[in-house]
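Peer 1: Got a sequence here, can you build the structure:
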Amino acid sequence: MRILFCVFMVLSVSLPSNAQVQKEWILPIKERAEWIDDMLEYRLDSLLPSLMERTGLDMWILISREYNEDPVMKTILPSSWLSARRRTIMVFYKPLDGGPLEKIAIARYSVGRLLKGEWNIDVYPDQWEALSKYIIERNPQKIGLNYSEDFGLADGVVHSEYAAFMKHIPETHKSRVVSAEDLAIAWLETRSKPEIDMYDHICKIGHQIIQEAFSEKVITPGVTTTDDIVWWLRQRSNDLGLKVWFHPTVSIQRKNSEKFDHLRSFSKRPGMQVVQYGDLLHVDFGITYLRLNTDQQQHFYILHPDENEVPSYLQDAFASSRRVQDILTEEFTLEKSGNQILADALARAGEEKIVASIYTHPIGFHGHAAGPTIGMWDNQGNTPGRGDYKMYHNTAYSIELNSATEIKEWGKIIRIMLEEDGLFSADGFRYLDGRQEQITSIPRKK
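Peer 2: Model prediction:
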């Protein structure tokens with residue numbers, strides 16, 4: 001398949017840890033489109049049948065109108081489709097006898113090469129009638145629609161389309177309509193082999209952009225502001241042909257009497273500050289590339305002219321948060337709920353006398369993606385519904401958390417807020433392109 005060539009071509013490029021990101025490391029638009037279409041074809045053929053079997057659905061129907069797409073449908077649209085067309089109806093049918101998956105569109109035309117168009121308007125002038133006929137012929141036992149109380153990404157069928165669907169399907173099949181919540185989440189959260197092969201490279205690009213931004217090439221103490229760095233990140237991403245899925249943040253902790261409120265990163269954006277010598281900088285940054293997202297937070301320290309390394313007390317504080325990362329990922333277990341993972345990790349951190357806060361989320365087709373919620377920044381207890389969802393293999397997560405440490409030299413408590421992306425598989429957990437191991441100095445010292 002073309003996808004294998006593209007992956008080899010991109011991953012064969014060596015990216016030194018201090019290198020500047022080059023446009024050659026990022027596929028041209030046409031080759032990106034080929035990769036995306038190959039990836040989707042692979043997912044539909046190799047992944048979806050097993051997910052339908054696991055979640056107990058033999059028919060899955062997605063319905064959307066142009067510019068009001070179901071979040072799941074948007075991940076299935078081919079690269080040349082930037083939106084649904086008129087009313088797009090996708091149907092996936094997996095026979096209970098083990099027959100091959102049927103992938104059709106009740107539409108006037110096929111959806112790229114992924115779904116064959118099956119609506120013959122001369123025979124069935126009404127689109128709903130064509131769908132109803134297909135349902136009668138296949139006679140599914142469970143028909144899944146994307147509605148959900150707990151997961152917005154699995155709640156994509158709008159009221160009017162749901163009402164029209166229920167009005168037109170056979171009376172005998174109405175009682176077979178169920179929520180496709182589990183299947184919708186499984187489709188969104190499960191990473192296929194091509195995506196796993198590519199994800200390290202995508203995270204590498206994100207890491208490299210951060211390394212560029214937090215260097216003496218961009219930052220001049222006493223001159224550069226946090227806002228300057230934020231907009232440099234936006235501009236650099238744009239120049240490389242990449243998108244960011246949220247506006248980056250850059251914040252400062254320093255030796256002064258000001259109490260650092262880490263929650264302001266969630267409730268309100270930190271104000272603009274001028275970077276000074278001795279500042280501890282924090283960045284939150286994420287890109288979108290090949291429909292996959294990154295979400296990364298790291299720390300940098302501005303060396304005083306007479307300093308050659310980051311103060312040990314700051315590195316010790318960083319090590320506490322890195323320890324919380326280890327504790328959390330050691331609790332990742334197949335079919336363990338997000339709520340239980342959170343409770344067990346916080347309990348272990350407490351036993352080690354680490355003041356920790358965990359708010360880890362899945363990542364993939366979306367930044368804050370579908371899957372188990374493992375804590376929230378404003379709730380360190382159970383999250384009903386989303387936190388009850390269980391963990392499965394081949395799922396990716398942004399390991400997002402912080403720990404509080406009293407810095408006697410500064411006379412205050414600081415927070416080390418870390419976020420790195422990783423993959424949970426049958427082989428355990430690993431970070432995608434690794435993680436920051438210690439606070440990085442600006443300028444770098446050999």
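
Peer 1: How are the strands of the stretch 51-200 of the chain distributed by residue range?
Peer 2: With DSSP state E, counting those that start in this stretch as the criterion, the stretch 51-200 of the chain has strands at 59-65, 87-93, 102-105, 116-117, 143-145, 177-179.

Peer 1: what's next to the last one, contact-wise?
Peer 2: Residues outside strand 177-179 that contact it (CB atoms under 8 Å, 6 or more residues apart in numbering): 57, 142-148, 154, 166, 169. Where C-beta positions appear, they are placed from N, C-alpha and C, glycine not excepted.

Peer 1: Now neighbour count and pLDDT too, for the residues you listed, in a markdown table please.
Peer 2: Converted to a markdown table, the contacts of strand 177-179 look like this (neighbours: other CB atoms under 10 Å; pLDDT from 0 to 100):
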| residue | neighbour count | pLDDT |
| --- | --- | --- |
| Leu57 | 23 | 97 |
| Lys142 | 16 | 97 |
| Ile143 | 23 | 97 |
| Gly144 | 25 | 98 |
| Leu145 | 23 | 98 |
| Asn146 | 26 | 97 |
| Tyr147 | 19 | 97 |
| Ser148 | 21 | 97 |
| Ala154 | 25 | 96 |
| Met166 | 12 | 96 |
| Ile169 | 19 | 93 |
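
Peer 1: want to try JSON lines for those residues, with distance to Asp45 as columns?
Peer 2: What follows is these, written out as JSON lines (distance: CB to CB, whole Å):
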{"residue": "Leu57", "distance to Asp45": "17"}
{"residue": "Lys142", "distance to Asp45": "22"}
{"residue": "Ile143", "distance to Asp45": "22"}
{"residue": "Gly144", "distance to Asp45": "19"}
{"residue": "Leu145", "distance to Asp45": "23"}
{"residue": "Asn146", "distance to Asp45": "21"}
{"residue": "Tyr147", "distance to Asp45": "27"}
{"residue": "Ser148", "distance to Asp45": "26"}
{"residue": "Ala154", "distance to Asp45": "22"}
{"residue": "Met166", "distance to Asp45": "31"}
{"residue": "Ile169", "distance to Asp45": "27"}
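
Peer 1: Show me where this structure dips below the pLDDT cut-off.
Peer 2: Per-residue confidence for the chain (pLDDT under 70) gives these ranges: 1-19, 122, 259-270.

Peer 1: residues in contact with the most centrally placed residue in it?
Peer 2: Centroid-nearest residue in the chain: Ile363, 2.1 Å away (criterion: CA atoms, centre = their mean). Applying CB under 8 Å, 6+ apart, we find Ile363 in contact with 293-295, 369, 396-398, 421.

Peer 1: Now it. Nearest residue, chain neighbours left out?
Peer 2: Sequence neighbours aside, Ser398 is the residue nearest to Ile363 in space, at 4.7 Å (criterion: CB to CB, 6 or more residues apart in numbering).

Peer 1: beta partners of the one you found?
Peer 2: Beta bridges link Ser398 to His361, Asp421 when assigned by DSSP bridges.

Peer 1: Can you pull the domain assignment for the chain?
Peer 2: 2-187, 192-442 (automatic domain parsing).

Peer 1: so which of the ones you listed is the most packed in?
Peer 2: domain 192-442 (a mean of 18; mean count of other CB atoms under 10 Å).

Peer 1: first to last residue in it, what's the distance?
Peer 2: End-to-end distance for domain 192-442, by CA to CA, to the nearest Å: 38 Å.

Peer 1: Ok, stretch 360-373 next?
Peer 2: The first and last residues of stretch 360-373 sit 7 Å apart, counting by CA to CA.

Peer 1: distance between that stretch and the chain's centre?
Peer 2: How far stretch 360-373 lies from its chain's middle: 5 Å, per CA atoms, centre = their mean, to the nearest Å.

Peer 1: do stretch 131-145 as well
Peer 2: That offset, for stretch 131-145, works out to 32 Å (CA atoms, centre = their mean).

Peer 1: The host helix or strand of Val324 packs against which elements?
Peer 2: Using DSSP states H and E, Val324 sits in helix 312-330. Other elements packing on helix 312-330 under the criterion 3 or more CB pairs under 8 Å, 6 or more residues apart in numbering; DSSP states H and E are helix 338-351, strand 355-358, strand 395-407, strand 412-425.

Peer 1: Could you rerun that using 6 Å?
Peer 2: helix 338-351, strand 395-407, strand 412-425 (3 or more CB pairs under 6 Å, 6 or more residues apart in numbering; DSSP states H and E).

Peer 1: could you dump it to PDB, C-alpha only?
Peer 2: Taking Å, rounded to 0.1, in the frame of the first residue of the first chain, the C-alpha atoms of helix 312-330 are listed here in PDB:
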ATOM      1  CA  SER A 312      19.400  21.500  41.700                       C
ATOM      2  CA  TYR A 313      16.300  22.500  43.800                       C
ATOM      3  CA  LEU A 314      14.400  23.100  40.600                       C
ATOM      4  CA  GLN A 315      15.500  19.800  39.100                       C
ATOM      5  CA  ASP A 316      14.500  18.000  42.300                       C
ATOM      6  CA  ALA A 317      11.000  19.600  42.000                       C
ATOM      7  CA  PHE A 318      10.900  18.400  38.400                       C
ATOM      8  CA  ALA A 319      11.800  14.900  39.500                       C
ATOM      9  CA  SER A 320       8.800  14.800  41.700                       C
ATOM     10  CA  SER A 321       6.400  15.400  38.800                       C
ATOM     11  CA  ARG A 322       8.400  12.900  36.700                       C
ATOM     12  CA  ARG A 323       7.800  10.400  39.500                       C
ATOM     13  CA  VAL A 324       4.100  11.000  39.400                       C
ATOM     14  CA  GLN A 325       4.200  10.200  35.700                       C
ATOM     15  CA  ASP A 326       5.800   6.900  36.500                       C
ATOM     16  CA  ILE A 327       3.300   6.100  39.200                       C
ATOM     17  CA  LEU A 328       0.400   7.000  37.000                       C
ATOM     18  CA  THR A 329       1.500   4.900  33.900                       C
ATOM     19  CA  GLU A 330       2.300   2.000  36.200                       C
END
